[in-house]
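>>> Got a predicted model here, sequence first, then my questions.
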Amino acid sequence: MFVLHTYLIYNNSMEKKVISTNRKAFHDYNIYDKFIAGIVLTGTEIKSIRAGEINLKDSFAKIEDNEVFLYGMHISPYKQGNRYNHKPDRVRKLLLQKREILKIQDKVKKDGVTIVPLELFLTHGFAKIELGLAKGKKLYDKRETIAKKTQDRDIARLVKR
């Protein structure tokens with residue numbers, strides 16, 4: 001009972017500053033499950049992330065040799081970084097526990113889902129990324145989602161009056 005209580009306090013006190021969200025992922029995919037992973041970064045990369053110069057738009061994650069790697073995440077070069085600057089589109093390693101990696105790998109093989117980054121945030125000075133297990137939407141699903149959003153917007157506008 002005491003351990004559970006301290007765990008709940010820890011989760012409630014976890015402050016999180018969202019740096020970037022991948023809105024296109026929610027439009028193009030149905031998200032089934034979410035995981036939070038750490039990222040292996042260089043010094044100039046974390047400085048650029050803190051400045052908000054990051055794009056998650058076309059990025060995805062892959063599992064290779066029981067390790068997770070993130071492809072296509074663009075972090076702009078740090079302006080004061082001179083010759084020690086990083087490559088903007090390099091492949092970055094993600095930090096997950098082994099059992100989480102095996103669980104994700106199993107779902108990717110069985111269900112044919114994709115690993116898509118949803119959100120990058122800072123917590124206690126560390127950059128973390130929220131990954132989603134997603135399946136692509138068909139064109140009619142996308143149209144249905146857009147129609148539902150506009151309907152909800154219209155209803156909210158009428159209620160506000």
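Everything's here; your move. Numbers count the residues shown, from 1 in each chain.

>>> what's the distance between the longest helix belonging to the chain and the middle of its chain?
The single longest helix within the chain, with elements called by DSSP state H, is helix 139-160. Helix 139-160 sits 25 Å away from the centroid of its parent chain (Cα atoms, centre = their mean, to the nearest Å).

>>> Residue 46 - how many residues pack around it?
Residue 46 has 18 neighbours, counted by other Cβ atoms under 10 Å. Every C-beta, even on glycine, is put in place using the N, C-alpha and C of the backbone.

>>> Which helix or which strand is home to it?
Using DSSP states H and E, residue 46 falls within helix 43-50.

>>> Restrict that helix to CA atoms and write it as PDB.
Provided in PDB are the C-alpha atoms of helix 43-50 (Å, rounded to 0.1, in the frame of the first residue of the first chain):
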ATOM      1  CA  GLY A  43      25.100  18.200 -26.700                       C
ATOM      2  CA  THR A  44      24.100  20.400 -29.700                       C
ATOM      3  CA  GLU A  45      21.000  18.400 -30.300                       C
ATOM      4  CA  ILE A  46      19.600  18.900 -26.800                       C
ATOM      5  CA  LYS A  47      20.300  22.600 -27.100                       C
ATOM      6  CA  SER A  48      18.400  22.800 -30.400                       C
ATOM      7  CA  ILE A  49      15.500  20.800 -28.900                       C
ATOM      8  CA  ARG A  50      15.300  23.200 -26.000                       C
END
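
>>> looking just at contacts, which helices and strands does that helix meet?
For helix 43-50, the elements it packs on are strand 74-75, strand 114-123, judged by 3 or more Cβ pairs under 8 Å, 6 or more residues apart in numbering; DSSP states H and E.
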